[in-house]
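Q: Mind folding the following:
(chains A and B)
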Amino acid sequence: MSKPILQLIDISKDYYGNQVLKKVNLTVQPGEVHAIVGENGAGKSTLMNIIFGMPVIHNTGGFSGQIIFDGEPVNIDSPKVAMEKGIGMVHQEFMLLPGFTITENLKLNREITKHNLISKFLGDKMKSLDMESMRKDARKALDTLGVDIDEMLPVEGLPVGHKQFVEIAREIDKTNMKLLVFDEPTAVLTEIEADLFLKAVKKLSNEGIAILFITHRLNEVMQVADNITVIRDGEVVGRLSREEATVEDMARLMVGRKIDRVEKSKKVNNGSQENILEIRNLKVDMPGEVVKNVNLDVKKGEILGIGGLAGHGKIGIANGIMGLYPASGQVVFKGSKIKLNNPNDALSRGMAFVSEDRRGVGLLLDESIEKNIAITAIQVQGKFLTKILGINFVLNTKIREHANKTIKELDIRCTGPEQPVRRLSGGNQQKVCIARAITLEPDLLFVSEPTRGIDVGAKKIVLDLLLKLNQEMGMTIVITSSELAELRSICDRIAIIYDGKLEGILPPDADDTDFGLMMAGGYSDMAKEVS
Amino acid sequence: MSQKIKKFLDKFGYTRIIIILFLIMLFIAAFALELQTDSLISGILNRAGMNMILTLAMVPSIQSGTGLNFGLSVGILCGVLGAVLSIAMNLTGWQAFLIANGLGIVFAIIAGYIYGLLLNRVKTQEMLIGTYAGFSVVSGMCMFWILAPFKSPKMIWPYGGRGLRVTVSLEDTFDKILNNFLLREYNGIEVPWGLYAYIILLCLAVWLFSRSKTGIAMQTAGSNPRFAESCGINVDGMRIIGTILSTVLGAMGILVYAQSYGFLQLYNAPLYMAFPAVAAILIGGASVHKASIAHVIIGTFLFQALLVVALPVTNAVLPEGNLSEVVRIIISNGIIVYALTRIGGGE
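A: Residues are numbered from 1 along each chain as shown, chains lettered A, B, ... in the order given. Sure, this is the predicted structure:
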């Protein structure tokens, strides 16, 4: 066995007490394609940031553990150091200058120069570019990748796939490149482009460059990776070689965790046959969470979970129905079609929404708890108002009364209804958001990412609260969450969204493998293979 | 104890404390120079009352999220136009004042609506665009003042030629109509109760509006547009309402200003009138996102008091020629600059 190019020993990292990596060990050989798979938030990106010395790591207190690169312990404290050592990174977002040509982008800050008349007098800064050799280098890098694009084209207007290749070409053009890190490189590529890309990866590894590859797409992992490390909740939960790995294994490892199912009393008839909401051909243009075509029914009285990986559009569904992002399609609520792109219509028909963007959309941070709770009901339903001389004035006494009652019912920890919500903890802020929604007494409540950014104890309280609303008040609830475990603990059915479309609906006690496959988009492929 | 003092200072805001210290310094100087303090105090009361409504006009625009209304001149011109028309109709006294207000409000509603549409197209740049929109409208109206076919001898140049005068005396129309109403004197200090009653009335109206359903919707739209949208509030509509209200108050404000000053100022005079109002409310502790009636009252008093006291003090210290005028300009613009650096909020 040859000397490993990269060795990570006991890497741990916490963000303000929140442990995101726990004693991760990883070894990469020269020329090896090593895939790292895991759910969102498993710690993959943090690991990559550590390897590449991104400032975010050092600004938050650094990490513990040791990195050994090319046989020597190294201290990578900035991306510059990483690059000098021979580590390249291809980012998810493109870092290219749109107005420059491919060649210029490839050679940015590493231009090949030649002397001219002026530079001989005024020094090296005045040297002119040796376009001819720069072109040759660019061509060579692009050929290595097997891409047939003109190296003199401007980057602006290139298809995303090609931009991705330009990024990669830039990295491999650096002569000392020993390790390349890809952060979900195929996420933006079409299938053909992805194939091309995977071929290029193989070519690179044949040339002795080691490759670290982060992805959710399990099929690709099977195609190119020599070794696979599965990370879950900041821990390495499995190391597999390609020969022994199966897509099912990886899916199970990725998702699997103990499920604490909150026991439900089955008194209430959950999941009656009546549909309260019917979604047909819903398309939502929410940046980063585009919904492409979703058909989904919500049954009266149930708790429906919507899961899936980040960026696949699960969050866009509720936002689209509630009119916060441009949407098209047909949504029928309680038998009548709602007007899309009109929050007022959705609210006044009896739907309410707790946004995933708590501090941005969900709260008026500098206003009091009572104002936050009452405001939607005031505007949409005319609650807490009294008419004097034809003008609607707000009745503070009624608001105070309601706020006090709600604070008690939901157990919001605060100094009183006048406290600004900015001063509350995340969990209590979330309760204020929920309080605002239920003040509308909705028939259907959308809750997005109810436990994002709140601590473990508060998570359970929020989930119990949702369950209580469902069981005692008969409210139909649609929960969108990135945390599958949380959905499995309280939902009656779980819909998984992949690539802006519904991949499938599973009962909460379904197999880990099925969940994993659906989230990775492999479920329909597998089904095709079987049939 | 020191903790408590610090907390109090934080809450009150260092801006105000610095301004108050400066003001006290000026007062001590005024005493030392044996200036007439009773006339100074009367002057402060008069100037503050004169400018209060113009400062109040900032409140709806801040609350609705369009920021400080640097285009206040739009409203001011509406008020001036109302006054010019009431003079042209040969009205006098209360009738003239009320008709001027009535016409001014109508113009301000129309102008404010159009101005609001403009501001909705330039979100996040309202203050810069507003400043220049105000400048352009003032210049546009300069042409109107020249070309308008007014015949009233009170307003046209006495020696012929075209157009209206630069300043029109209000002597026989509504000069000091609010100031002299219920004017009382206490130990040489004149208190214009009528003027303040009118101000309190308007402040009350603005406060009541902020308690209404529409008022709350407007404040919500201003403090977090995304939140407001998710509550089903028409954010753009609320911004237009805020702009209209601000423009209307600008029109009413200039009439209060004019009756107290005794002259109606045309042509370029409204050009920079937004700045003292902006400075006053910022000194009062408002920010681009938050403003209240208290900010208006505190700010206007502090800002005007500084100007009123600074002038005679510099006059006494620097009696040569117009040097004191230069110092006055430096001080008043200096306060405006200082206030603008506090634009992020004085809380």
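
Q: ok, and the closest non-adjacent residue to the closest residue to chain B within the stretch 301-450 of chain A?
A: Closest residue of the stretch 301-450 of chain A to chain B, Cβ to the nearest Cβ: A:Asn344 (3.3 Å). Where C-beta positions appear, they are placed from N, C-alpha and C, glycine not excepted. Sequence neighbours aside, B:Gly232 is the residue nearest to A:Asn344 in space, at 3.3 Å (criterion: Cβ to Cβ, 6 or more residues apart in numbering or on different chains).

Q: Point out where the chain drops to low pLDDT.
A: Going with chain A. Across chain A, the ranges flagged by pLDDT under 70 are A:1-2, A:16-18, A:40-41, A:92-94, A:187-188, A:256-272, A:455-457, A:523-531.

Q: My question was about chain B, not that one.
A: Scanning chain B for pLDDT under 70 picks out the ranges B:1, B:343-347.

Q: mind redoing it with 50?
A: B:346-347 (pLDDT under 50).

Q: how about the residues of it near chain A?
A: Contact residues, chain B versus chain A (Cβ under 8 Å from any Cβ of the partner chain): B:208, B:211-214, B:216-217, B:220, B:223-224, B:226-227, B:229-233, B:290.

Q: Now, of those residues, which are buried?
A: In the residues of chain B next to chain A, burial by neighbour count holds for B:212-214, B:216-217, B:220, B:223-224, B:227, B:229-233, B:290, counting by 16 or more other Cβ atoms under 10 Å in any protein chain shown.

Q: For the residue in the stretch 201-347 of chain B positioned nearest to chain A, give me its contacts.
A: With Cβ to the nearest Cβ as the measure, B:Gly232 is the residue of the stretch 201-347 of chain B nearest to chain A, at 3.3 Å. Applying Cβ atoms under 8 Å, 6 or more residues apart in numbering or on different chains, we find B:Gly232 in contact with A:343-348, A:376, A:379-380.

Q: tell me which residues in stretch A:175-194 are buried?
A: A:177-189, A:193-194.

Q: now stretch A:487-506
A: By neighbour count on 16+ other Cβ under 10 Å, the buried set for stretch A:487-506 is A:487-498, A:500-506.

Q: Could you work out the end-to-end span of that stretch for me?
A: Stretch A:487-506 has an end-to-end distance of 11 Å (criterion: Cα to Cα, to the nearest Å).

Q: And that stretch, how far out from the chain middle?
A: With Cα atoms, centre = their mean, to the nearest Å as the basis, stretch A:487-506 stands 16 Å off its chain's centre.

Q: again with stretch A:221-232
A: Taking the mean of its C-alpha atoms, stretch A:221-232 sits 20 Å from the chain's own mean (Cα atoms, centre = their mean).

Q: now the helices for chain B?
A: Remark: helices assigned in chain B by DSSP state H are B:2-12, B:14-32, B:37-56, B:58-63, B:72-88, B:93-121, B:126-147, B:193-211, B:213-223, B:225-230, B:235-261, B:274-283, B:293-317, B:323-341.

Q: do you know which of these lies nearest A:Val255?
A: Across the helices of chain B, A:Val255 has its closest neighbour in helix B:225-230 (31.9 Å, Cβ to Cβ).

Q: got the CA positions of stretch B:282-298 in CSV?
A: What follows is stretch B:282-298, C-alpha atoms only, in CSV (Å, rounded to 0.1, in the frame of the first residue of the first chain):
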residue,chain,number,x,y,z
LEU,B,282,-33.2,61.9,13.7
ILE,B,283,-32.0,63.9,16.6
GLY,B,284,-35.3,63.0,18.4
GLY,B,285,-34.2,59.4,18.2
ALA,B,286,-35.9,58.0,15.2
SER,B,287,-34.2,55.7,12.7
VAL,B,288,-35.0,54.9,9.1
HIS,B,289,-37.2,52.2,10.4
LYS,B,290,-38.8,53.5,13.5
ALA,B,291,-40.3,56.8,14.5
SER,B,292,-42.8,58.0,17.0
ILE,B,293,-44.6,61.2,18.0
ALA,B,294,-42.2,61.5,20.9
HIS,B,295,-39.2,61.6,18.5
VAL,B,296,-40.9,64.4,16.6
ILE,B,297,-41.5,66.6,19.7
ILE,B,298,-38.1,66.0,21.4
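
Q: now what about that stretch, what contacts it?
A: Stretch B:282-298 is contacted from outside by A:366, B:13, B:15-16, B:19, B:52, B:55-56, B:58-59, B:62-63, B:65, B:67-68, B:127, B:203, B:206-207, B:222-223, B:280-281, B:299-300, B:302-303, B:335, B:338-340, B:342-347, using Cβ under 8 Å, 6+ apart.

Q: Show me which of those residues are buried.
A: For the contacts of stretch B:282-298, a burial check counting by 16+ other Cβ under 10 Å picks out B:13, B:15-16, B:19, B:52, B:55-56, B:58-59, B:62-63, B:65, B:67-68, B:127, B:203, B:206, B:222-223, B:280-281, B:299-300, B:302-303, B:335, B:338-339, B:342, B:346.

Q: still on that earlier bit, keep only those of the buried residues of stretch A:175-194 that are in strands.
A: Using DSSP state E, A:179-183 are the members of the buried residues of stretch A:175-194 that sit in strands.

Q: wait, which of those is closest to chain B?
A: Among these, and counting by Cβ to the nearest Cβ, the member closest to chain B is A:Asp183, at 29.1 Å.

Q: ok, now which ones touch that closest one?
A: A:Asp183 touches A:45, A:48, A:89-92, A:214, counting by Cβ under 8 Å, 6+ apart.

Q: partner residues bridging it?
A: According to DSSP bridges, the partner residues bridging A:Asp183 are A:Ile214.

Q: number of nearby residues for the closest residue to B:Met89 other than its chain neighbours?
A: Distance criterion Cβ to Cβ, 6+ apart; nearest residue to B:Met89, sequence neighbours excluded, is B:Ile99 at 7.0 Å. Neighbours of B:Ile99 under the rule other Cβ atoms under 10 Å in any protein chain shown: 18.
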